[in-house]
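Enquirer: sequence unknown, structure follows:
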């Protein structure tokens, strides 16, 4: 079993762009209805399919909020992933992921497209939940505990429909 330990932050400026080592366009969809995660049905995991460049993955994550989550990630053929996105998903999340090194860590800065255009979130994977990080100046408010920033929920309630309070990270 894999455990993903990750924190999410809003991005406050474009200063990270000069530090980005590489970028990759990604398209992902969920093989369950996005509304299940917020329902009272007790959904225990999310299952997504993602295409990034010439690679694709099937990913299963525990449906828990917070820094540490169970995660399983399996490479699959791109043709299969594209067909799953088309045939099984109720929409997709599109973004460009930028890889930005900072003091021994790689921040993944996701710049969303489509209905989520304008939203930019940085994620950083850690070795432990209590690991301290040296925060770059462009890193803003932490939103790890805010469900609306999880990609799965961006399908149901995209950034284009957020009010000002939601956009401020409250």
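Expert: That came in fine, so what should we check first? Source: prediction; values computed, not measured.
Enquirer: which residues touch the spatially most central residue of the chain?
Expert: Centroid check for the chain by Cα atoms, centre = their mean gives residue 151 as the closest residue, at 4.9 Å. Each residue near residue 151 by Cβ atoms under 8 Å, 6 or more residues apart in numbering is listed here: 28, 48, 93. For glycine as for every other residue, the C-beta is placed from the backbone atoms N, C-alpha and C.
Enquirer: if we take those, which one ends up nearest to residue 146?
Expert: Using Cβ to Cβ, residue 93 comes nearest to residue 146 of the contacts of residue 151, at 16.2 Å.
Enquirer: what backbone torsions are found at residue 95?
Expert: For residue 95, the backbone dihedrals (degrees, to the nearest 10) come out as phi -160, psi 170.
Enquirer: I'd say it and residue 110 touch.
Expert: Yes: the criterion here is Cβ atoms under 8 Å, and residue 95 meets it with residue 110 at 4.7 Å.
Enquirer: who's more crowded, the two?
Expert: Taking other Cβ atoms under 10 Å, residue 95 and residue 110 do not tie; residue 95 has more neighbours (25 against 21).
Enquirer: look up which residues are beta-bridged to that one.
Expert: Beta-bridge pairing for residue 95 (DSSP bridges): residue 26, residue 112.
Enquirer: cool, the one 10 residues further on as well?
Expert: When assigned by DSSP bridges, residue 105 has beta-bridge partners residue 102.
Enquirer: ok, the residue nearest to the centre of the chain to residue 141 distance?
Expert: 18 Å (Cβ to Cβ, to the nearest Å).
Enquirer: now swap in residue 22 and tell me
Expert: On the measure of Cβ to Cβ, residue 22 and residue 141 end up 26 Å apart.
Enquirer: between these two, which one's more packed in?
Expert: residue 141 (13 against 8).
Enquirer: can you pick the most crowded of the contacts of residue 151?
Expert: residue 93 (25 neighbours).
Enquirer: give the contact list for that residue.
Expert: Residue 93 sits next to 27-29, 112, 114, 116, 151, 154-155 when contact means Cβ under 8 Å, 6+ apart.
Enquirer: any idea how far the residue lying closest to it once chain neighbours are set aside lies from residue 127?
Expert: Excluding its sequence neighbours, the residue lying closest to residue 93 (Cβ to Cβ, 6 or more residues apart in numbering) is residue 151, at 4.9 Å. Using Cβ to Cβ, residue 151 is found at 23 Å from residue 127.
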